[in-house]
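Colleague: Next comes the sequence, and after it the predicted model I'd like to discuss.
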2 protein chains.
Amino acid sequence: MTELTISYPQLRQFAVAIFRKMNCPEADAQLAADVLLSADLRGIDSHGVARLSGYVRLWEAKRINSTPNIKVVHETPSTAVVDGDSGLGLVVAPKAMEIAMQKAAVAGTGWVAVKGSNHFGIAGYHAMMALQKDMIGMAMTNASPLVAPTFSVERLLGTNPICVAIPADKQPAFVADFATTTAANGKLEILQRKNKEAPEGWIQKKDGSTSTNPHELKDGGALIPLGSDREHGSHKGFCLGAWVDIFSAVLSGANYGPWVPPFVSFLAPPADPVGEGIGHFFGAMRVDAFRPAQEFKSHMDNWITRFRAAKTAEGFDHLVIPGDPEREFEAIRMKEGIPLVDKVVEDLRTVGKSLGVEFG
Amino acid sequence: MTELTISYPQLRQFAVAIFRKMNCPEADAQLAADVLLSADLRGIDSHGVARLSGYVRLWEAKRINSTPNIKVVHETPSTAVVDGDSGLGLVVAPKAMEIAMQKAAVAGTGWVAVKGSNHFGIAGYHAMMALQKDMIGMAMTNASPLVAPTFSVERLLGTNPICVAIPADKQPAFVADFATTTAANGKLEILQRKNKEAPEGWIQKKDGSTSTNPHELKDGGALIPLGSDREHGSHKGFCLGAWVDIFSAVLSGANYGPWVPPFVSFLAPPADPVGEGIGHFFGAMRVDAFRPAQEFKSHMDNWITRFRAAKTAEGFDHLVIPGDPEREFEAIRMKEGIPLVDKVVEDLRTVGKSLGVEFG
């Protein structure tokens, strides 16, 4: 658990070098590193360089194609389906989001479903691309099945995150980026490292009964949809996860539900796929497709200011506007560097050595 | 709590007559009755005829306009903003959804934000309009502030529901229709009538501490976003409710957050409105804007069939596919009639008498 802190430029340079060794074209390596490290910067440590070796191993297993032919296979004025050709999700996703934004520039909104992809980093990176163009950005993805829907003991859905990024004027943007489970898998990993119990309502055992063991998933257990149990609305969390799965994969022609291939190279993908790779879904809406952008953004400032000023319960300083914590992390880590736990440092050294790139 | 059961045609005829007495044009009265009663049919009793007198009283208070000039005030190929002119939400909403579907027919998708409206019944009615055209339908609305975001003791959001309706082929459609709170307000009303306590995690007192008193809102308490508390993801429920509020009202120019006018005539709307009426947001996506409709619908059948067949925990028969319970209610009530509790019967008699329409 001791930590090494490494500067953002240094860590980024290492990631770029690894992606280059994977034979990614220079621009793709740069882009993939930007997307991957946006997670480390924003404090979502589970989705950053901690996963770098995972991408390498899937590439070694020929399950990631580092020189994909990413292309639009179907389109209308406001929609497209993109075939990622098994490329890095870190590269496929921002390219698909770019297409959504191009559609929005002409048609008011753009909606892009993606097949043939894999883990795309944090949803927030892609959705936030829209902000600089005064667009609302949306991003979602399905993922390896770790979640049991309400009443089920089978793992049928991933943690299937959604991000909605909405521009404001003087206030920072509203950025809601969340897994559709009670707790994301990254939270379990933290508990595992710290050797701590999980709260009730996050995990179930393989028979469906409640568990506080963060290692439970290794024994057939499952994560639980947002809401924790039926009485507290877990069926609504299931609705959210299912929605993400269907938009990402049934619309695009990717694998859905229990057929989503695992992110780890030591588990084989299902032998009977129902589509290609994993799926994502992106949206971009021009704010001025609804009302003048300045008017919208002024009202967003008013919305954010009013909510931030809400009277809070004793012991709480202020209401947290979605996006605030991640933005604060980013400001600190850009300046002070990114702390890495020993296990991640060791992992990066190993992957660096195997590809001939020195770490640190 | 004793109940009267009344046939659907008879109840519908009564509702149409009331809307006609409110001076709604014939077609609008028919449409409003259809939308309102779809709630009673689908088992969402809180949103059906139980609210009829509420609409009447708002009309009497001149806060609902029964002959509105509903019009598009801004548009692009895939978007529109509709001004509801203070019309019945029950009429404004399906007309706006119709526009979203017309846009989708041409541009692939259509997205309509609405201002100047009021309560629109159940979100499900509007989203499901898309199904018959092989489109995915979405509907959301903001509502009077009853919900305190995580850490807040102020009520800043409504129960802000979302519906996503997705067509299948031989299987019935996937219809997820849910409030973005742990429990909808209608569930509290049921507990109040039955004189029962609420589970922990549904309600907080005015100081933010937990409560099980279903009457707590009358004493400054609040409903809680989906997730119940921070540890179980209530900040995600807050993200969802905020998302609905911003799409429905900041995009359209309606009132948002604590400025949303109350649905009841005995509470005055805020003196400093930030927009017009309440807001809705609708979406329609042509399935074949992504892949051939038949291919999509066959995969939806496969999705639904696989999830329905999931292994369940002991004591649970099968996994519930979103939309199943409401569809089952509808089949039964269409045949056997709609049960109304005494309080609602009395309310309908009173409103009938005041407008010269006999009930039952």
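Modeller: Looks like it came in fine. Residues are numbered from 1 along each chain as shown, chains lettered A, B, ... in the order given.

Colleague: pLDDT below threshold where in the stretch 151-300 of chain A?
Modeller: Scanning the stretch 151-300 of chain A for pLDDT under 70 picks out no residues.

Colleague: Next one: A:G323 from B:G158, what distance?
Modeller: 22 Å (C-beta to C-beta, to the nearest Å). C-beta here means a position set from N, CA and C on the backbone, and glycine is covered the same way.

Colleague: which residues sit against stretch A:196-208?
Modeller: Where contact means C-beta atoms under 8 Å, 6 or more residues apart in numbering or on different chains, the residues beyond stretch A:196-208 that reach it are A:148, A:151-153, A:182-183, A:187-188, A:191, A:210-214, A:216-217, A:219-224, A:228-229, A:232, B:231-232, B:312-314, B:316.

Colleague: Swap in 6 Å and give it another go.
Modeller: A:153, A:182-183, A:191, A:210-212, A:214, A:216, A:220-222, A:224, A:228, B:231-232, B:313 (C-beta atoms under 6 Å, 6 or more residues apart in numbering or on different chains).

Colleague: One more: stretch A:47-61?
Modeller: With C-beta under 6 Å, 6+ apart, stretch A:47-61 has contacts from A:22, A:36-37, A:39-40, A:64, A:66, A:121-122, A:263, A:265, A:344, A:347, A:351.

Colleague: residue with max distance from the center of chain A?
Modeller: A:E314 (33.3 Å; C-alpha atoms, centre = their mean).

Colleague: Tell me the residues of the stretch 101-250 of chain A that contact chain B?
Modeller: Applying C-beta under 6 Å from any C-beta of the partner chain, one finds that the stretch 101-250 of chain A approaches chain B through A:107-109, A:111, A:113, A:149, A:151-154, A:164, A:166, A:176, A:178, A:182, A:199, A:201, A:208, A:226-228, A:231-233, A:236, A:239, A:243, A:246, A:250.

Colleague: doesn't the residue farthest from the centre of chain A fall inside a strand?
Modeller: No - counting by DSSP: H, G, I helix; E, B strand; the rest coil, one finds A:E314 to be coil, located in no strand.

Colleague: gap between it and A:R308?
Modeller: Counting by C-beta to C-beta - A:E314 and A:R308 are separated by 18 Å.

Colleague: just checking, what packs against the longest helix seen in chain A?
Modeller: In chain A, assigned by DSSP state H, the helix with the most residues is helix A:89-107. Packing partners of helix A:89-107 (3 or more C-beta pairs under 6 Å, 6 or more residues apart in numbering or on different chains; DSSP states H and E): helix A:26-41, strand A:109-117, helix A:123-128, strand A:278-286.

Colleague: per-residue pLDDT, A:L131?
Modeller: Here, the pLDDT recorded for A:L131 equals 98.

Colleague: any idea how far it is from B:R12?
Modeller: Distance from A:L131 to B:R12, by C-beta to C-beta: 47 Å.

Colleague: How many neighbouring residues does the residue lying closest to A:L88 once chain neighbours are set aside have?
Modeller: Once flanking residues are discounted, A:L88 sits nearest to A:A32: 5.4 Å by C-beta to C-beta, 6 or more residues apart in numbering or on different chains. Residues near A:A32, counting by other C-beta atoms under 10 Å in any protein chain shown, number 28.

Colleague: Write down the beta-bridge partners of the nearest residue to A:E3 once chain neighbours are set aside, one by one.
Modeller: Nearest non-adjacent residue to A:E3, counting by C-beta to C-beta, 6+ apart: A:P339, 4.5 Å away. A:P339 has these beta-bridge partners by DSSP bridges: A:T5.

Colleague: Quick check: A:P339 touching A:S7?
Modeller: No - A:P339 lies out of contact with A:S7 (C-beta atoms under 6 Å); the separation is 11.3 Å.

Colleague: and the residue nearest the centre of chain A, how far is that from B:L240?
Modeller: By C-alpha atoms, centre = their mean, the mean C-alpha position of chain A lies nearest to A:I122, the distance being 2.9 Å. Distance of A:I122 to B:L240, computed by C-beta to C-beta: 18 Å.

Colleague: One more: A:L90?
Modeller: Counting by C-beta to C-beta - A:L90 and B:L240 are separated by 27 Å.

Colleague: Show me where the stretch 201-350 of chain A has its strands.
Modeller: Listed in chain order, the strands of the stretch 201-350 of chain A (DSSP state E, counting those that start in this stretch) span A:203-204, A:210-211, A:222-223, A:278-286, A:338-341.

Colleague: Ramachandran coordinates for the residue of the stretch 151-300 of chain A found nearest chain B?
Modeller: Going by C-beta to the nearest C-beta, chain B is nearest to A:G208 of the stretch 151-300 of chain A, at 2.8 Å. Main-chain dihedrals, A:G208, degrees, to the nearest 10: phi 90, psi -10.

Colleague: which residue sits closest to A:G186 in space, ignoring its chain neighbours?
Modeller: In space, and not counting its chain neighbours, A:G186 is closest to A:S46: 2.7 Å by C-beta to C-beta, 6+ apart.

Colleague: Please apply the same query to A:E358.
Modeller: A:G352 (6.1 Å).

Colleague: Could you do A:D229 as well?
Modeller: A:D229's closest residue in space is A:G201 (C-beta to C-beta, 6+ apart), at 6.7 Å.

Colleague: if I pick the residue nearest to A:L88, what's in contact with it?
Modeller: A:19, A:88, A:90-91 are the contacts of A:A32 under C-beta under 6 Å, 6+ apart.

Colleague: repeat that with 8 Å
Modeller: A:15, A:19, A:24, A:88, A:90-91.

Colleague: Tell me the one of those nearest A:V274?
Modeller: Nearest to A:V274 among the contacts of A:A32: A:L88, at 22.5 Å, using C-beta to C-beta.

Colleague: Need the pLDDT of the closest residue to A:G108 other than its chain neighbours.
Modeller: Distances taken as C-beta to C-beta, 6+ apart place B:T76 nearest to A:G108, at 3.1 Å, with adjacent residues excluded. Listed pLDDT for B:T76 reads 98.

Colleague: Tally up the residues packed near B:T76, please.
Modeller: With other C-beta under 10 Å as criterion, B:T76 counts 20.

Colleague: Pairing partners for it in the sheet, please.
Modeller: Here B:T76, judged by DSSP bridges, has bridge partners B:T79.

Colleague: my guess is it contacts A:V287, does it?
Modeller: No - B:T76 is not in contact with A:V287 according to C-beta atoms under 8 Å; the separation is 11.3 Å.

Colleague: now the helices for chain A?
Modeller: Using DSSP H, helices in chain A cover A:8-21, A:26-41, A:52-60, A:89-107, A:123-128, A:185-194, A:234-245, A:293-308, A:324-336, A:342-355.

Colleague: Lowest average pLDDT across the ones you listed?
Modeller: helix A:185-194 (a mean of 86).

Colleague: May I have that helix as PDB, with CA atoms only?
Modeller: Presented in PDB, the C-alpha positions along helix A:185-194 are these (Å, rounded to 0.1, in the frame of the first residue of the first chain):
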ATOM      1  CA  ASN A 185     -15.900  -2.700  -9.100                       C
ATOM      2  CA  GLY A 186     -13.000  -0.300  -8.400                       C
ATOM      3  CA  LYS A 187     -14.400   0.400  -5.000                       C
ATOM      4  CA  LEU A 188     -14.200  -3.400  -4.200                       C
ATOM      5  CA  GLU A 189     -10.600  -3.400  -5.400                       C
ATOM      6  CA  ILE A 190      -9.800  -0.700  -2.900                       C
ATOM      7  CA  LEU A 191     -11.400  -2.700  -0.100                       C
ATOM      8  CA  GLN A 192      -9.500  -5.800  -1.100                       C
ATOM      9  CA  ARG A 193      -6.200  -3.900  -1.000                       C
ATOM     10  CA  LYS A 194      -7.000  -2.500   2.400                       C
END
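
Colleague: list the buried ones in it?
Modeller: Neighbour-count burial for helix A:185-194 flags A:185-189, A:191 (criterion: 16 or more other C-beta atoms under 10 Å in any protein chain shown).
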